[in-house]
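Engineer: got a predicted structure plus its sequence, pasted below:
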Amino acid sequence: MKRKVTKAIFPVAGLGTRFLPATKSIPKEIMTLVDRPLIQYAIDEARAAGIKEFIFVTSRGKGALEDYFDHAHELEANLRRSGKDDLLEILRDTNMDSGAIAYIRQHKALGLGHAVWCARRLIGNEPFAVILPDDVIAAEKPCLQQMVEAYQETGGNMVAAMEVPPEKAGAYGVLDINEDMGAMVSVKGMVEKPKADEAPSNLAVIGRYILTPKVMQNLNRIKSGAGGEIQLTDAIAEEIARSNNVFGYRFRGQRFDCGSKAGFLQATVAFGLARAELHDEFIQFLIGMTASRRAAE
């Protein structure tokens, strides 16, 4: 019997240097996409997938992240007195129940694999999800929910995957495919940041994972890999050799790399246009700006 996935790790220890000077005083995960911080999109996706326990791997200077999920009693009282029930309802989604959320410090920046390993004692002997908040995915059915449903059929380890141009494969972990079954592929290998001419496919790993506790055991033994960091990809690859139970899942949706400025801007446009109350005014602005630029050329 496959165990339910009820725990998720959110690696949020990065310094966000690509977004300086903004990230000098606020964690990157608190930066807003339209009117919600990046981390809220990740939490909402996890909740939709049935996650009950949320584990944040943080570092120094992330206090604002912890405060965000706490109850703001004075603000809530003011809104209640003012009869602003709609805003109170919005705030409810940002509150986490006592005991549902845990914070663990990653004291050294030793890579994604090390960040996940830091949460090992809270994971125990259960399957778990990993969500990278930088990867924001717009989808009718949230990406992790799609994966959890597929996981009920396969078990094992599962990574979200999408096709990328061959020249961009070097920025990702890339799957070496054993069998392509459409939405699902069985995996015979994973290569972290390969050279363009050495990539085994153009199917790249995106920041959503469902993993067995054996991956944690692999991380216990693993040494630094690509870039001198402890790579999660290497720990998952060990399970291919040992158990042949690693799958790639082609999710339905559009992924935005909000770890880059260009990706963040693209996501802002896409999510802004998706909001009914913003769409008409926003699209008129974009059309007007595009027209004026063309005229200037």
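Structural biologist: Sure, I can see it. Residues are numbered from 1 along each chain as shown.

Engineer: when you work out contacts or count neighbours from here on, use the C-alpha atoms and nothing else.
Structural biologist: Will do.

Engineer: look up phi and psi at residue 182.
Structural biologist: Residue 182 adopts backbone torsions of phi 100, psi -110, taken as degrees, to the nearest 10.

Engineer: tell me the contacts of it?
Structural biologist: residue 250 (CA atoms under 8 Å, 6 or more residues apart in numbering).

Engineer: distance check, it against residue 75.
Structural biologist: 49 Å (CA to CA, to the nearest Å).

Engineer: next: residue 212.
Structural biologist: The gap separating residue 212 from residue 75 is 41 Å, by CA to CA.

Engineer: more neighbours: which of those two?
Structural biologist: Ranked by neighbour count (other CA atoms under 10 Å), residue 212 and residue 75 place residue 212 first, with 23 against 12.

Engineer: what's near enough to touch that one?
Structural biologist: Applying CA under 8 Å, 6+ apart, we find residue 212 in contact with 126, 127, 128, 156, 157.

Engineer: residue 177 against residue 204, yeah?
Structural biologist: No: Residue 177 lies out of contact with residue 204 (CA atoms under 8 Å); the separation is 11.0 Å.

Engineer: which parts of the helix or strand of the chain with the lowest mean pLDDT are buried?
Structural biologist: Within the chain, no helix or strand scores below helix 63-68, which has a mean of 80 by mean pLDDT, DSSP states H and E. Neighbour counts using 16 or more other CA atoms under 10 Å place 65, 68 of helix 63-68 among the buried residues.

Engineer: just stretch 86-103 next, same as before
Structural biologist: Buried residues in stretch 86-103 (16+ other CA under 10 Å): 88, 94, 96, 101.

Engineer: from these, which land in helices?
Structural biologist: Using DSSP state H, residue 88 are the members of those that sit in helices.

Engineer: so which of the buried residues of stretch 86-103 comes closest to residue 247?
Structural biologist: For the buried residues of stretch 86-103, the residue nearest residue 247 by CA to CA is residue 101; the value is 28.4 Å.
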